[in-house]
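> Sequence plus the predicted model coming up.
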Amino acid sequence: MKIFTSFGINYMIINSLRFMKKHLLIYIFCFVSICMMCSCYQQPKNKVAKASNIKGDLIIFHAGSLAIPVKQIADAFKNENPDVNILTETAGSVACARKITDLGKMCDVFISADYNVINSMLIPKYTDWNIKFASNEMALVYNENSKYSNQINKDNWYDWLLKDDVRIGRADPNTDPCGYRAVLTTRLAEKYYKKPNLSTAILSKDKKYIRPKEVDLLALLETGSVDYVFLYRSVAIQHNLKYIEFPDEINLKNPDLSKLYATVDVEITGEKPGVKETVKGEPIAYGITILNNAPNKGAAMAFVTFFLSSDKGMSIMKKNGQSSLVPSFSETYNKIPKELSIFARNVK
């Protein structure tokens, strides 16, 4: 009886072991599957958590000529990141930079109408890198109430500007790239049309209508205080204004004419009182950067990525009359954050 009982117990143990062995792989498979399902289930939560970290105040200093596209881009970005509070300050690009260098104001993202403002005023003390993102061109902007608007054209514009009863507006070269580009445009026009002293004649006229930034000129034009303003073509398009298109030899648009543009220059106020800085003519290129001491670097990085993406920010820029330069050569490529390096190139 003992033998039988012992045999039966052994038999049961052996069968149990066989059963466990047989189903062990099934148990392991089920366990792994459940783990993978849990992992997949958690992944969207991680993404949401990451997106929710983009919050707080985001301070953006930008050129006046970008007022409309930056607002549109900021609104689109906020739709995707509702916890971000976007604070923008508009001024001439040089004036914007001086808010940082002279006044010590805090800023996350700096967007300049001239990428050289970033290079010369902010690198290397305030930022390490700069990405060119859009082009533009100079134009002569007016409306239906401007004197002689039915007679002026691309071949005779300079003759009408010199009439005593015509008033001209332009931006201040010392605070705004549009201002020094207006000067460069007149000097290129003097060469192109072979009209000695044309630039001096235009620039010595109506100095009381010089304003700190280009968009201030729109108010003068709207009220009839001036008849014509030297302004970016994009601003004319954004505000449904009429404009004279200058030849490429004058408008600072064409990269192939870089050598020609460089034959003219203008002196502007330097960083230190009493010091002058020479600005040479070159194709217009806007620049963007994030400040080293940006209070909200996470939001700044997300915004600049959004801004430079072809289907987002750059699409909005294009609709507002500015062609994308992304990706373009950057002298500071090796300093650009890895996440943003796709928007620039290391060689010309």
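That came through fine. Residues are numbered from 1 along each chain as shown.
> and the chain, what are its domains?
For the chain, the structural domains run 57-134+286-345, 138-280, going by automatic domain parsing.
> Not counting sequence-adjacent ones, nearest residue to His192?
In this structure residue 192 is Tyr, not His. Sequence neighbours aside, Glu249 is the residue nearest to Tyr192 in space, at 4.8 Å (criterion: Cβ to Cβ, 6 or more residues apart in numbering). Backbone N, C-alpha and C define where each C-beta goes, glycine included.
> Now do the contacts for the one you found.
Shown in contact with Glu249 (Cβ atoms under 8 Å, 6 or more residues apart in numbering): 188, 191-192, 257, 260.
> will you turn the domains of the chain into CSV that also has mean pLDDT?
Listed next are the domains of the chain as CSV, based on pLDDT from 0 to 100:
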stretch, mean pLDDT
domain 57-134+286-345, 97
domain 138-280, 96
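> can I assume Ile60 sits in a strand?
Yes: assigned with DSSP: H, G, I helix; E, B strand; the rest coil, Ile60 falls within a strand.
> Endpoint to endpoint, stretch 155-170 covers what distance?
End-to-end distance of stretch 155-170 (Cα to Cα, to the nearest Å): 21 Å.
> And that stretch, how far out from the chain middle?
From the chain centre to the centre of stretch 155-170 is a distance of 32 Å (Cα atoms, centre = their mean, to the nearest Å).
> Now do that stretch: everything it contacts.
140, 147-148, 151-152, 178-179, 182, 189, 193, 195, 198, 201-202, 205-206, 209-211, 217, 220-221, 225-230, 244.
> Take the residues you listed and keep only those in strands.
Among the contacts of stretch 155-170, the members falling in strands (DSSP state E) are 140, 210-211, 228-230, 244.
> quick check, nearest of the residues you listed to Asp114?
For those, the closest approach to Asp114 (Cβ to Cβ) belongs to Phe230, at 15.0 Å.
> I'd like the distance between the nearest residue to that closest one once chain neighbours are set aside and Asn254.
Leaving aside its chain neighbours, Phe230 sits nearest to Ala182 (3.6 Å; criterion: Cβ to Cβ, 6+ apart). Per Cβ to Cβ, to the nearest Å, Ala182 is found 18 Å from Asn254.
> Who has more neighbours out of these two?
Ala182 (28 against 16; other Cβ atoms under 10 Å).
> which residues does the residue nearest to Asp172 when sequence neighbours are not counted contact?
Nearest non-adjacent residue to Asp172, counting by Cβ to Cβ, 6+ apart: Gly179, 4.7 Å away. Neighbouring residues of Gly179 by Cβ under 8 Å, 6+ apart: 92, 170-173, 210, 214.
> let's see 6 Å
171-173 (Cβ atoms under 6 Å, 6 or more residues apart in numbering).
> and those as CSV, adding secondary structure, distance to Ile237 and neighbour count?
Below are the contacts of Gly179 laid out as CSV (DSSP: H, G, I helix; E, B strand; the rest coil; distance: Cβ to Cβ, whole Å; neighbours: other Cβ atoms under 10 Å):
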residue, secondary structure, distance to Ile237, neighbour count
Ala171, strand, 18, 30
Asp172, coil, 23, 21
Pro173, coil, 24, 23
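> Much appreciated, bye for now.
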